[in-house]
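Trainee: fold the following for me, if possible:
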Amino acid sequence: MFAGIEEAQVPGYRIYLTSGDYDLEIRTVTMGESRKKVPFVGVEFLVTGSNNPAHPVGSVANWTELGDKDGWLGRVRGFLHAVVQNDGACTVNEITAEVASALCENAGEKIRGYKVRAIVTDVTTRTGKNVTRHAWFPSGKPEAKASA
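Mentor: As a prediction, the model looks like this:
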């Protein structure tokens, strides 16, 4: 009856990446609006490589961008650019609203399994708030798509 419980995620529980260097595989993408009508994009990853013991290989991690934060669309665009780079040359200017929607719709079905590298660093903003910054790099296609 409980087969697979080890992989089950507790609803609403997110584990965000902290400083480190990660290899990640995209599991699902969520986009929408919060109860306060703030747009957001969230991605759930399987950690396939890590130099941070808080996020070991095989664990699940998340990244979320909220639309009420300055520069959020640029950060989402940068992430999606790294993902599509796995399919070959693409400029960041090719990541339009239509492309972003197509990549993220249906729980990220088109990019599920794609691999990215994330270098996450701690940063203190001008207002003194501690945040993390993510630098995204292409890292590979899903196995089935890589051989196609």
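Trainee: show me what the longest strand anywhere in the chain is packed up against.
Mentor: In the chain, taking DSSP state E as the definition, the longest strand is strand 20-33. Applying 3 or more CB pairs under 8 Å, 6 or more residues apart in numbering; DSSP states H and E, we find strand 20-33 packed against strand 39-50, strand 60-66, helix 97-108, strand 115-124. Yep, even glycine has a C-beta here, placed from its N, CA and C like the rest.
Trainee: run through who's touching the last one.
Mentor: Residues external to strand 115-124 that are found in contact with it (CB atoms under 8 Å, 6 or more residues apart in numbering): 17-26, 45, 48, 63, 79, 82-83, 86, 130-142.
Trainee: got a list of what Leu46 touches?
Mentor: Residues counted as contacts of Leu46 (CB under 8 Å, 6+ apart) are Leu24, Glu25, Arg27, Gly58, Ser59, Val60.
Trainee: with neighbour count added, can I get the residues you listed in JSON lines?
Mentor: JSON lines is the format used below for those (neighbours: other CB atoms under 10 Å):
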{"residue": "Leu24", "neighbour count": "25"}
{"residue": "Glu25", "neighbour count": "18"}
{"residue": "Arg27", "neighbour count": "17"}
{"residue": "Gly58", "neighbour count": "11"}
{"residue": "Ser59", "neighbour count": "12"}
{"residue": "Val60", "neighbour count": "16"}
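Trainee: Asp70: which of these is nearest?
Mentor: Using CB to CB, Leu24 comes nearest to Asp70 of those, at 24.7 Å.
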